[in-house]
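Participant: predicted model, plus sequence, below.
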Amino acid sequence: MSAGELVPDKTTQTVLRERLSEDDTERGFILDGYPRTLEQAKALTDFVKIDVIINLVVSKWIIIERLSSRRICKNCGEVYNVRFLKPRMEGVCDKCGGELHQRVDDTVEVIEERLRVYEKQTQPLLAYYTGRVPFVEFKCEDINTPPEVAVEEILKKLKNLEAR
């Protein structure tokens, strides 16, 4: 992961199958960033039904800026962003006072590699799911768009899809 590579398919499939067998998933669940490959998507159909795909369309430069600005508390895991969600005191967690650090996979070089891997392995999933599963798409073209705006728009589109 620190080199920008994806976890092997077999590992993710095993972990996911075990997790989705838990009682708390009976009423539904959201998969974030999975499946990432055609092999994973095809294997997923063996044990779960996908109701909808939420596709976030974000410019590469925005992804790089947001992820490379992320900082995480070493103690409690609270997430900050030095550009958008700053702690009250630089480098210090508001929640527990712990030290904030940058994950090794949040450097520009690693993010760029992750995006290259995404283009190669994940983009074909859109074609695979087209016509099989409904899509809800959110386009972010402004780096200052707050997450709440994205969530609100996605929920509105999901409700419209549900009403059909």
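Facilitator: Okay, I see it.

Participant: show me what the helix or strand harbouring Leu67 is packed against.
Facilitator: In this structure, Leu67 sits in helix 60-68 according to DSSP states H and E. Here helix 60-68 touches helix 108-117, going by 3 or more C-beta pairs under 8 Å, 6 or more residues apart in numbering; DSSP states H and E. C-beta here means a position set from N, CA and C on the backbone, and glycine is covered the same way.

Participant: for the helix it packs on, buried residues please.
Facilitator: By neighbour count with 16 or more other C-beta atoms under 10 Å, helix 108-117 contains the buried residues Val110, Ile111, Arg114, Leu115.

Participant: gap between the first one and Ile64?
Facilitator: What that stands for is Val110. Applying C-beta to C-beta, to the nearest Å, the value for Val110 to Ile64 is 10 Å.

Participant: the last one now?
Facilitator: Leu115 sits 8 Å away from Ile64 when distances are taken as C-beta to C-beta.

Participant: what do those two both touch?
Facilitator: Taking C-beta atoms under 8 Å, 6 or more residues apart in numbering as the criterion, Leu115 and Ile64 do not both touch any residue.

Participant: quick one, what contacts Ala43?
Facilitator: Contacts for Ala43 (C-beta under 8 Å, 6+ apart) come out as Asp9, Gln13, Pro35.

Participant: what's the spacing between whichever helix in the chain runs longest and its chain's center?
Facilitator: The residue-count maximum for a helix in the chain (DSSP state H) belongs to helix 147-163. Remark: helix 147-163 is offset 17 Å from the chain centroid, using C-alpha atoms, centre = their mean, to the nearest Å.

Participant: now do it: which elements does it pack against?
Facilitator: The contact analysis (3+ C-beta pairs under 8 Å, 6+ apart) places helix 147-163 against strand 53-58, strand 135-140.
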